[in-house]
Every structure is written in structure tokens, then in C-alpha cells.
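Asker: fold the following and give me the result.
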Amino acid sequence: TLQFRPSNAWTSTLDLFYSKAEQVDTANQFEVNLSGWNGGFNPGLNLTGVTVNGNGTFTGGVANNVYPLVRGMYNTREDRINAVGWANEFNVGQVAILADAGYSKAEREELNLENNLQLYPMPQLDSLALSYRSDGFSQLVPGRDYSNPSQLFLNNTIYGSGYGKVPRVEDELKTFRLQATFPGGSWFADIDAGLNYTDRSKDKRQPEGNINLGAQGPIAVGNDLQYGLVDLGFAGVGLIPSWNVPAAVDRYMTFQPVEDQPWLIPKAWTVDEEITTGFVRANIDTQWGSVPVSGNVGVQVQRVDQGSDAHIWDNTRPAGQEVQPVHGGTTYTDVLPSLNLAFSFPHEQVLRFAVAQQVARPRVDQMRASLEFGVNNSTGRPGGAGGNPELEPWRANAVDISYEKYFGTKAYVSAAVFYKDLKSYIYTQTRDDYDFSDLVAHYVPPVGSPPVQDIGDFTQPLNGNGGRLSGLELTASLEDNGTASWQWYANGVPLAGQ
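Answerer: Below is the predicted model of the structure:
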């Protein structure tokens, strides 16, 4: 932070910020398909010694002729934030003027890799004892030994040899605020008037694809890439190896992520949001009789222009023209009056009252124009989720009243009640009749999986109208730095306490 004051009438402050964070996660797991798919080898799945409980639910048995795999997973993430702010304060006679401009950019880059290993040479089918428990960790006990790295090969397993993703998200925010503060009179200490502008954009890309075996074919991961054994005994599995997944990909495999396949194209999107707010606020500092009163009364006029761009795969188009742009958005204006008052009573007591029209903006990703989908390889049914570029905010008329009692600077207790008359809200809806036919036209299911269906489930956020929310909150802050709070929400929301 740098501050420059060339005169008593002008103060300029420059803020610069940069941060970088890195995170690496690794995981190793043992997986078996119990739906009947073992890679197409004979004999197929055979369950013996089956036990069921009183309501007919499977609780145990032996799954024969399955082909488990050992998977290594590697996820790395790097976050960078750059921000700059420049505020200038001017005194022109009795008027104070603030001009504040800002810019910030947040970037996230990720790498998600996985390797699949199976006992080799193929096939080496196994029998697993299964026990589903309600009073402890369920058990999955293999008959074969999976702890020897030299016997587990990178191979084209029942789930392929591996998969990877390279997500990237970029957030950019530009802001400008111009405010003038004028001297008040009577009840008002001063009056603020101004304009605030924000321009935010969010861009997401997610190339991904199969991680394929290299020219050498099936191979065990080298000793120099092994980390050691992982104990999954808590689940009955025993020991499995762990290894350097990205090094194994570099040495033995090929990975060329793409984003131009029909099922990947919708995962890329951009959202832009511009909000222009004009406001007037009178700051109150007076007395009503012997009671000091502070607070403010004002109004905001907020204009929102939001839009999103993405692409979809349109199978009805000629070859080479299937990728089509999609744009959606909306504009709207809200007028938001508010009144906030604080009454100071003897013995360190404060009564607060507020009434306002409020809005709560949707998350940026909820406003994307794209959709993401996948296919359940057990049933062939597609499912997806997407955004809504025409989504509008939560809106409510709100009343809040609170009482606070202070005990010097060491402790306080408070009680607050609130009521919100909802004019609009955001909820999530799932349709079970969404047509995915264009998106799944070129989708190739794994070997042995059922054919992909055209109709599936689709989930997206929508706006609803009406409703109310009310409640009571009690809070106490104690001298020993302890705090306690209780909340009772009406309209079916359960109480919460701490």
C-alpha cells in the first residue's frame, strides 16, 4: 500500500496485491465392478452364499469371477490472484469526493490424472467376500494378493488405462466508484450520493481425454516410481501399492486432452455481468428526546446486464458445422430503498431497527449458458446439469429488529428477530425427459455396457415466486472469549445452536 498526499485537499492511495497457492493431492484405491462386467471374460459374475436382511436387502456373500483394479490418482491445483486498487479523495469546499478504481484477476489451473492397474497376464479373475455392515465399516475381502507392484500392470483394464482432465478457470473483475459527500443539517450528519460500476467475467475451459498406453504396451510401474504400500485393511482389502502417477504417465503413456468432442464442448463457457448502481444515502446522527439515534436512510437503483456464451453440438448440422454458439442473458432493474436506525439507551444498551428491499445475486456458474453431461454405463441413461443465463436474484422485503446489551468491552448478549417476504428465489429443478440425442450421437459406451439412451435427467437453477422466512437469533459473547449462539427459524427450518 502506497499513500500520496500532495495537498490537504487531495489524498491518493494505491493498493497492490499478489498471491499464489499450490495444492497437490494423491489417492490410491481398490475398485471392483459388481454389476456383471469383468471385461467380457468367462465365466461371468456368480454370487454365492448370499445373505439378506428382513427387508430383502443384500447384506453379504461372495462375488465370483470379478476382475478388480488398483487405481492411482493425482490432482494438482495452482491459484493466482492479482489485484490493484487506486482511491483518490478530494476536498472541494465542504464537499468530499471519492474516486476509486479497481481491477482483480483470479486464475486457477488444475491437472487431474489417473492410472488403472490390473493383475497380469489377463485375465486373473477373483472371488471377493462382501459384508455390508450397519455397525461398522463394510468389508470387501479379495481372494488374491494385490500388494506386489511387479504383478500389477498398466493395461487396458475394464475401465481403460486411465483418464485425465486439465480444468482452467479465470475470473476478472473491474470496478469504479464515484461518490460525493455533502454536509447535512437537522437530523442528517451528511449525505452521500454516487455511482458504482462493476464488470465481472468468468471463463472456464476443461480439456480432457483418455490416457493411453504407449508403444511398449502393458507394463508394470518401475521400482523407481514406487512410493510404498497403502493399507486398506480397514475395509478388508489389505495392502495395495502407491506410485508416482504423473511420472508413470510421462514414461509409459500418452495424454492429449481435447475439448472438441460432442460431450466436452458444453463444458467450456463464459459469463459476463455488468452492474451499475446509483445511490443516495443520508447518514443520521441526532437525538429523539434524550435518546441518541444514528443510522441512515437511502435508496439504490441497480441496473444489471448479464450474459453467457457457450457452444453445443448440433447433430442435425452438416459435417464440420456441428459446433454451434449459444448465447443467453437478461437485463433488469431493481429499486432498493432502506432504513437503518440504532437507538442508544443508558447502561450500554442498543436497539436496532432495519427495513429494506434486498437482493441476493445468483452464483456466476449458475448463469452459464452451457450444460455438462455424462452417461451411466450401468443403464445407458444420460444425465446432465446446466446453468440459466436468464436467472434473476433472490428478492425480499425485509424487517430486522435486534436488542444488544454490552458489559464494557468484555462481553455482550443480543437477541434479534427477522422477517423476509420473498418476492423471488432460486431453486434447483430436475427434469426426467430431457432430450440428449444430439449430444450422445457420437458417444461410444465402454465395451460390455448397454446402448446409450437419448432421454435422461437434466438439472438447472430456476426462479420461483413468493414465500417467507422468519426467525429468532440469540447470541452471547463471554469474558473468556467464548461465544454461544442459538437460532430458531420459522417456516419449517430447524433450530441451530452453538
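Asker: so where do the strands sit in the stretch 1-150 of the chain?
Answerer: Taking DSSP state E, counting those that start in this stretch as the test, the strands found in the stretch 1-150 of the chain are 2-7, 10-31, 46-52, 58-66, 69-92, 95-119, 126-131, 139-142.
Asker: go through these and name the closest to Glu348.
Answerer: Proximity to Glu348, assessed across the strands of the stretch 1-150 of the chain by C-beta to C-beta, is greatest for strand 95-119 (31.6 Å). The C-beta positions use only the backbone N, C-alpha and C, and glycine is treated the same way.
Asker: buried stuff in that closest one?
Answerer: For strand 95-119, the neighbour count (16 or more other C-beta atoms under 10 Å) marks 96-100, 102, 104, 106-108, 110-119 as buried.
Asker: any idea how far Asp126 is from the residue lying closest to Ser378 once chain neighbours are set aside?
Answerer: In this structure, Ser378 finds its nearest non-sequential neighbour in Ser35, 5.1 Å apart by C-beta to C-beta, 6 or more residues apart in numbering. Separation of Ser35 from Asp126 (C-beta to C-beta, to the nearest Å): 16 Å.
Asker: higher neighbour count, those two?
Answerer: Between Ser35 and Asp126, counted using other C-beta atoms under 10 Å, Asp126 has the larger neighbour count: 18 against 11.
Asker: these two touch, right, that one and Tyr67?
Answerer: Yes: between Asp126 and Tyr67 there is a contact under C-beta atoms under 8 Å: 7.0 Å.
Asker: give me the common contacts of the two.
Answerer: Val32 (C-beta atoms under 8 Å, 6 or more residues apart in numbering).
Asker: out of the strands of the stretch 1-150 of the chain, which comes closest to Tyr197?
Answerer: The closest of the strands of the stretch 1-150 of the chain to Tyr197 is strand 95-119. By C-beta to C-beta, the value is 9.7 Å.
Asker: can you map out the helices along this structure?
Answerer: Per DSSP state H, the chain carries helices over the ranges 245-252, 437-440.
Asker: now render those helices as a markdown table, adding distance to Gly49.
Answerer: A markdown table is the format used below for the helices of the chain (distance: least, C-beta to C-beta, whole Å):
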| stretch | distance to Gly49 |
| --- | --- |
| helix 245-252 | 36 |
| helix 437-440 | 39 |
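Asker: nearest to Glu259, of the ones you listed?
Answerer: Among the helices of the chain, the nearest to Glu259 by C-beta to C-beta is helix 437-440 (14.2 Å).
Asker: Thr157 is in contact with Gln118, correct?
Answerer: Yes: Gln118 is within contact range of Thr157, at 4.7 Å (criterion: C-beta under 8 Å).
Asker: quick check: neighbours shared by the two?
Answerer: Tyr67, Leu69.
Asker: beta partners of the residue nearest to Ala180 when sequence neighbours are not counted?
Answerer: Leaving aside its chain neighbours, Ala180 sits nearest to Ile97 (5.2 Å; criterion: C-beta to C-beta, 6+ apart). Beta-bridge partners for Ile97, by DSSP bridges, are Phe90, Ala180.
Asker: again with Ala310
Answerer: Partner residues in beta bridges with Ala310, using DSSP bridges, are Trp269, Val326.
Asker: tell me the pLDDT of it.
Answerer: For Ala310, the pLDDT comes out at 94.
Asker: roughly how far apart are it and Asp145?
Answerer: Distance from Ala310 to Asp145, counting by C-beta to C-beta: 49 Å.
Asker: the more surrounded of these two?
Answerer: Legend: neighbour count by other C-beta under 10 Å for Ala310 and Asp145, higher for Ala310 (24 against 11).
Asker: quick one: the more buried one and Val323 touch, right?
Answerer: No: the pair Ala310 / Val323 is not scored as a contact, 10.7 Å apart, by C-beta under 8 Å.
Asker: now the strands of the stretch 1-150 of the chain in TSV, with distance to Arg352?
Answerer: TSV is the format used below for these (distance: least, C-beta to C-beta, whole Å):
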stretch	distance to Arg352
strand 2-7	34
strand 10-31	31
strand 46-52	60
strand 58-66	57
strand 69-92	29
strand 95-119	27
strand 126-131	58
strand 139-142	57
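Asker: quick one, what contacts the residue nearest in space to the middle of the chain?
Answerer: Computing the C-alpha centroid of the chain and ranking residues by C-alpha atoms, centre = their mean puts Asp365 first, at 8.2 Å. Going by C-beta under 8 Å, 6+ apart, Asp365 touches Lys202, Lys204, Val271, Gly387.
Asker: which of these has the most neighbours?
Answerer: In terms of neighbours by other C-beta under 10 Å, the contacts of Asp365 top out with Val271 at 26 neighbours.
Asker: shouldn't that one be in contact with Glu172?
Answerer: No: applying C-beta under 8 Å, one finds Val271 not in contact with Glu172, separated by 11.0 Å.
Asker: quickly list what's touching both of these two.
Answerer: Listed as contacting both Val271 and Glu172 by C-beta under 8 Å, 6+ apart are Ser201, Lys202.
Asker: quick one: the closest residue to Phe41 other than its chain neighbours from Ile158, how far?
Answerer: Leaving out its chain neighbours, the residue that sits closest to Phe41 by C-beta to C-beta, 6+ apart is Pro123, at 4.3 Å. Pro123 is 10 Å from Ile158, where distance means C-beta to C-beta.
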